[in-house]
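A.B. asks: the sequence and its predicted three-dimensional model are supplied below.
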Amino acid sequence: MYQKILLPTDGSKFAENAAKHAIWIASRSGAEIIVLNVIETSSLVGLPAEDLIVRIKEMLKEEGRRSLERISEMVTESEEEAKMVKDIKVTLKTEEGSPGDSILKTIANENVDLVVMGTSGKHGLDRFLLGSVTEKVVRSAKCPVLAVH
């Protein structure tokens, strides 16, 4: 049923919960999981020192790399635990920009047919029920979106 599942991650507990669902669905459908970490750089624009911006970007990239690595480890652990005959294909991606826009662009460019994402991110509830990024994706995606708490 599903060929490509997009799993946006920011390293939060919500993203890890979403990963469990994406891994389970992929293991049953044979789908590829595209794990996407988006480094939001818009808040860095007004900082006074260029070297400070570069250092913060590097820190955010490292944090993103750890988030991607963690999801990759979860897939491997799941495969070993379930003794799967066929491994789940995982593609790791990092982008800079607006998380909502980057997710929607990836859906279109990669022909994603399911998005599995957390209801909120590391920064808590921007809204009462859904995080603002999740809400944007749910409203605008051209494929089903599974929002996991």
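C.D. replies: Yep, that arrived.
A.B. asks: where does residue 80 sit: helix, strand or coil?
C.D. replies: Assigned by DSSP: H, G, I helix; E, B strand; the rest coil, the conformation of residue 80 is helix.
A.B. asks: list the buried ones in the helix or strand bottoming out on mean pLDDT in the chain?
C.D. replies: Lowest mean confidence among the helices and strands of the chain (mean pLDDT, DSSP states H and E): helix 50-82, at a mean of 92. Within helix 50-82, the residues scored as buried using 16 or more other CB atoms under 10 Å are 60, 64, 67, 68, 71, 74, 75, 78, 79. C-beta here means a position set from N, CA and C on the backbone, and glycine is covered the same way.
A.B. asks: repeat that for stretch 95-107.
C.D. replies: Residues 95, 98, 99, 100, 102, 103, 104, 106, 107 are the ones in stretch 95-107 that count as buried (16+ other CB under 10 Å).
A.B. asks: can you list those residues in CSV and add pLDDT, distance to residue 17 and secondary structure?
C.D. replies: Below are the buried residues of stretch 95-107 laid out as CSV (pLDDT from 0 to 100; distance: CB to CB, whole Å; DSSP: H, G, I helix; E, B strand; the rest coil):
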residue, pLDDT, distance to residue 17, secondary structure
95, 96, 22, strand
98, 93, 23, coil
99, 95, 18, helix
100, 96, 20, helix
102, 97, 21, helix
103, 98, 17, helix
104, 98, 22, helix
106, 98, 20, helix
107, 98, 20, helix
